[in-house]
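S.K.: please find the sequence and the predicted model below.
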Amino acid sequence: MFGDLFEEDFSFISNNHCGKGKKSKPRDSEPPAPRDSTNLSGIKNQGGTCYLNSLLQTLLFTPEFRGNALFSLGPEELGTLDDSSKPDAKVRIIPLQLQRLFAQLLLLDQQAASTTDLTESFGWNSHEEMRQHDVQELNRILFSALETSLVGTSGHDLINRLYHGIVVNQIVCKECKNISERQEDFLDLTVAVKGVAGLEEALWNMYVEEEYFENENLYQCGACDKLVEASKSAKLRKLPPFLTISLLRFNFDFEKCERYKETSCYTFPVQINLRPFCEQTEMDDSEYMYELFSVIIHKGGCYGGHYHVYIRDVDELGNWQLQEEEHRLIEDKALRDTENAKEIENPLAVLKGILSEEESKQIPVDQLGQKLLEKNGVSWNKKYRKQCGALRKYLQNHPQIFQFSPDENKVGLKEKHKLVFKSDSQGQDLQSPPQKNDVQWNSEKNPTRLRDSSAGCHWFDLNDSKVQPIKEKDIEKQFQGKESAYMLFYRKSQLKRPPEARGNPRYQIPEHLLSEMNAANTELQKKRAECDSANNGIDLHLHLSSCYKFHNGALHPSLTWKESVVDLTIDRRKTLGDLRQSVFQMLESWEGDMILSFARPLPAGLHLYQMLDGDELTLDGIGLADGADIFVWNGKEVGGIKVMTGPDHEPVVVNVLRLAEYNEGGKGQHFTESQHIFPCSTKLADLRRALAPSGGIILKNGSGLDKEAKNWEVLLEEDMKETVKSAGLTDGCSILILDSHDQSFVNVSSGNLTAFTYDISWLQVKNFCRMDDEEKHVKITATIETVMSDIKMKAIRELQLEEELANDSCLRPVSGNGKLLSPVPEDYTVKEAELKMGSLLGLCHGKAPTSTQLFLYFIVGSDQNASPEMEIVVEETASVKE
């Protein structure tokens, strides 16, 4: 079944071992998980290798195999893995890899070890690993491979010393009493399951019951030289230190011509006396007593399934603690914590004790609160505020003891109270506890062992990578069923372990392997620290109030952003109190109260939100995420200006557009655009007063930069009660301000512009009616479709002239040299009048010609330069004479 899996190949080179010249394999980004509470290591399943894992764990927990035998073989006999590439070097790879695997299982702080190197030393390929084999056959082949590999070393008889036994088969002639016998060596005994109640009955049938030759079935006696009656029996002549028993769970049904698994009840004892089954019975009982220490279990049918193993921890290497005991311990701890809590000092004594230990005369009140949190593990607010009030108030209520600085930001003890105050009335030490490290790795990999010495060694279920404690009575569950015992391993009760082996996984491991495992654990610890830091470390951006100024609705750095922000990396599992203390340490010159607030950069600038509160809470618990911005200030003002915080006061940047004045001779700019900042709680009425104090119309654009008429929405009078936020104005949105004379562009009923704002520009109108001492001019918004009569009326209103003038006035273009040109018919549009945007028009006395009339210039006389130019309006149909 296994082919050449265990034939030693001295040319094979393992590429994945700790040592010089190794070729590293790709490493997972995450380091392997550490051992769990049992402190025992499982073995990874490569895909169908559970049978191998179960057997390897059994060998590992056979201390005499791993220590007295395997670990006793040094590099001088086995060679080293580093030498495996040398052509003349004889390197015994299988025992070397087995040694290394056992050292990893005993010492390496990982949840499960890999057998890849070991199976590669067997010559297995990935296809072979995926095939599930029979653990009984594997046991025999592995032993054979080890024996072959250890030929010529002091361990050549390793397997025989530990597992070799002898069975003698005897036939006794009833006539001449001649005894014919035949010896058989064994490394394991195979016993029947079918039709047998248990192991002791099976052994009785094999080694006590006799078979008789009689009647037609006679025995040919060599001494008598004839067929005679005889009896046949078998006995155990030599018992090994370790007895391996294979149960014949799998049988063949000849009627159905198929294999099947025997799932009937089959009992086996935890202790067994083999005297009745032995040839020699005169020795002391202790020579025949064996104790069960391993049960390999098969779950499934005859064509496949899964193996795991129950193992008795002979050297007490693991931490045995069942779930119900864990609950009891948790309850005990809670009770102790409750009792300790009752003994916590009164707040006055605690505060005096903390201040007595300070070298400086006074410390900030916030630091005092932090030191209280460190000492008691609970903040002032959580422990004392309900009965004592706020910390600052409590200090102020005891002026005979505590003395404040002039600004009341620092506090200290008065001189008469500055005693060596190291203990309270109960004699409890009030010194501050040592600072905790950020991460403590493997500070105690072997927690207090919970063993009942009278109960003996404990049992564990080792199921590939998973290890869990079990009770001895759980073994009875494996007597029958689809999940049942398949191999049993007993050890002589006489075998006693030395005291130094108890609870000592390093016992008998060679120095070179100890060094290798120490180095590997150091590397694992480093990787876990790096991984833990990467997974739990968060980068915070601390914005210092001293580097900021408040203007235009938001906070802005006085210097560069880089100079105003301090980056701090901290573990998210730390408390807010730890963060506050770290900030204090960074800012040694900080005076007064320190408030930490959530901050967020907005287009308008930095805005503050809620203050961080609850020093006993973890940073993760209060929602501090990686990259969070924290503002460090006094909680009231920045640079003497009160700062409003929270979402209701978020500043919103609004783009304010107005129709632009047109410059003659150029294409012109349709809008002037400026940015204004308003708190999102600002009423639209206040916004209108700020932007259009003389009145006008405000339109909002929901599509940002797209300024087509269809996207503008008029904000009506009833909208003025809304806030910037409720009206849907957000950062970057645009609003258009139209003066009151531009209302012709707005259809108020539909709430939209009537023209594209791209077509809206200006015409300039100058007053030539000379009704005032000085001439005035105004800018009138218009489009190419605006009718000239509308422009004239807007100009009269803007110029504040009498509206009766409309009946006796006209608009005349003004040329570049200031000459008044022909009046424009009032029923013409700007386009029909062929006026350019930005043109200057004069408002003059007289009526404009109609579309059927002509406006003519004429002079009287022959000298054009000397004669004045005169004007006349005539019908197009008039004759020259008329």
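M.R.: That came through, no problem.
S.K.: roughly how far does residue 476 sit from residue 54?
M.R.: 19 Å (C-beta to C-beta, to the nearest Å). Yep, even glycine has a C-beta here, placed from its N, CA and C like the rest.
S.K.: should've said residue 371
M.R.: 55 Å.
S.K.: three-state assignment of residue 779?
M.R.: strand (DSSP: H, G, I helix; E, B strand; the rest coil).
S.K.: my read: residue 268 touches residue 202, true?
M.R.: No - shown here, residue 268 and residue 202 do not form a contact pair, counting by C-beta atoms under 8 Å, at 9.2 Å.
S.K.: more neighbours, residue 371 and residue 54?
M.R.: Ranked by neighbour count (other C-beta atoms under 10 Å), residue 371 and residue 54 place residue 54 first, with 28 against 21.
S.K.: need the nearest residue in space to that one, chain neighbours excluded.
M.R.: residue 309 (4.1 Å; C-beta to C-beta, 6 or more residues apart in numbering).
S.K.: before we move on, what SS does the one you found have?
M.R.: When the rule is three-state DSSP, residue 309 gets the label strand.
S.K.: what bridges to it?
M.R.: Beta-bridge pairing of residue 309 under DSSP bridges involves residue 296, residue 462.
S.K.: what about it, neighbour count?
M.R.: Neighbour number of residue 309 under other C-beta under 10 Å is 26.
S.K.: check residue 401 too.
M.R.: Neighbour tally, residue 401, other C-beta under 10 Å: 15.
S.K.: assign a three-state SS to the spatially most central residue of the chain, would you?
M.R.: The centre of the chain sits closest to residue 535, judged by C-alpha atoms, centre = their mean, with a distance of 5.4 Å. Counting by three-state DSSP, the backbone at residue 535 sits in helix.
S.K.: show the average pLDDT along stretch 634-653.
M.R.: For stretch 634-653, mean pLDDT rounds to 91.
S.K.: residue 616 and residue 575 touch, don't they?
M.R.: Yes - using C-beta under 8 Å, residue 616 makes contact with residue 575 at a distance of 5.8 Å.
S.K.: which of the two has more neighbours?
M.R.: With neighbours defined as other C-beta under 10 Å, residue 616 and residue 575 compare such that residue 575 has more, 21 against 17.
S.K.: pretty sure that one contacts residue 622?
M.R.: No - if you go by C-beta under 8 Å, residue 575 and residue 622 don't touch, sitting 9.2 Å apart.
S.K.: how close does the residue nearest to the centre of the chain get to residue 541?
M.R.: 20 Å.
S.K.: same deal with residue 257?
M.R.: From residue 257 to residue 541 the distance is 77 Å (C-beta to C-beta).
S.K.: between those two, who's got more neighbours?
M.R.: Using other C-beta under 10 Å as the criterion, residue 257 and residue 541 rank with residue 541 on top: 17 against 7.
S.K.: okay, buried residues for stretch 870-882 please.
M.R.: By neighbour count on 16 or more other C-beta atoms under 10 Å, the buried set for stretch 870-882 is residue 873.
S.K.: pLDDT (mean, whole number) over it?
M.R.: Averaged across stretch 870-882, pLDDT comes to 83.
S.K.: stretch 276-296 now?
M.R.: Here the average pLDDT along stretch 276-296 is 94.
S.K.: with stretch 563-578 instead?
M.R.: 90.
S.K.: same check on stretch 533-552?
M.R.: The model assigns stretch 533-552 a mean pLDDT of 90.
S.K.: neighbours around the closest residue to residue 319 other than its chain neighbours, how many?
M.R.: For residue 319, ignoring the flanking residues on the chain, the nearest one in space by C-beta to C-beta, 6+ apart is residue 39 at 4.8 Å. Neighbour count for residue 39, taken as other C-beta under 10 Å: 19.
S.K.: assign residue 39 to helix, strand or coil.
M.R.: Reduced to three states by three-state DSSP, residue 39 is coil.
S.K.: near residue 109, how many other residues are there?
M.R.: By other C-beta under 10 Å, neighbour count at residue 109 equals 21.
S.K.: you'd agree it is up against residue 36?
M.R.: No - using C-beta under 8 Å, residue 109 is not in contact with residue 36; the gap is 11.0 Å.
S.K.: ok, and the closest non-adjacent residue to residue 174?
M.R.: residue 229 (4.3 Å).
S.K.: give the buried residues for stretch 568-576.
M.R.: Under the neighbour-count criterion of 16+ other C-beta under 10 Å, stretch 568-576 has 570-571, 574-576 buried.
S.K.: among the residues you listed, which lie within helices?
M.R.: Of those, the ones assigned to helices by DSSP state H are residue 576.
S.K.: what's the most distant pair in the buried residues of stretch 568-576?
M.R.: The most widely separated members of the buried residues of stretch 568-576, counting by C-beta to C-beta, are 571 and 576 (12.5 Å).
S.K.: overlap in contacts of these two?
M.R.: Both residue 571 and residue 576 are contacted by residue 619, under the criterion C-beta atoms under 8 Å, 6 or more residues apart in numbering.
S.K.: helix, strand or coil: sort out residue 622 for me.
M.R.: coil.
S.K.: residue 830 versus that one, what's the distance?
M.R.: 64 Å.
S.K.: could you do residue 801 as well?
M.R.: Counting by C-beta to C-beta - residue 801 and residue 830 are separated by 21 Å.
S.K.: quick one: the residue nearest to residue 54 and residue 299, what's the gap?
M.R.: Per C-beta to C-beta, residue 309 is found 12 Å from residue 299.
S.K.: next secondary structure after the lowest-mean-pLDDT helix or strand in the chain?
M.R.: Taking mean pLDDT, DSSP states H and E as the measure, the helix or strand of the chain with the lowest value is helix 126-130, at a mean of 47. Following helix 126-130 in sequence order, the next helix or strand is helix 135-149 (DSSP states H and E).
S.K.: buried ones in the next helix or strand after that following helix?
M.R.: Going down the chain from helix 135-149, the next helix or strand is helix 158-163, by DSSP H and E. Of the residues in helix 158-163, those with enough neighbours to count as buried (16+ other C-beta under 10 Å) are 158-159, 161-163.
S.K.: now the two most distant members of those residues.
M.R.: The widest separation within those (C-beta to C-beta) is 9.1 Å, between 158 and 163.
S.K.: got any ranges where this structure has weak pLDDT?
M.R.: 1-28, 124-135, 323-345, 416-456, 659-671, 702-711, 739-760, 770-775, 864, 866 (pLDDT under 70).
S.K.: all helices for the stretch 251-400 of the chain, in order.
M.R.: 323-342, 347-357, 365-376, 380-383, 385-388, 391-396 (DSSP state H, counting those that start in this stretch).
S.K.: residue 204 belongs to a helix, doesn't it?
M.R.: Yes - counting by three-state DSSP, residue 204 is found in a helix.
S.K.: count residues in the vicinity of it, would you?
M.R.: Residue 204, neighbours per other C-beta under 10 Å, totals 14.
S.K.: pretty sure it is touching residue 234, no?
M.R.: No - the criterion here is C-beta under 8 Å, and residue 204 misses it with residue 234 at 11.5 Å.
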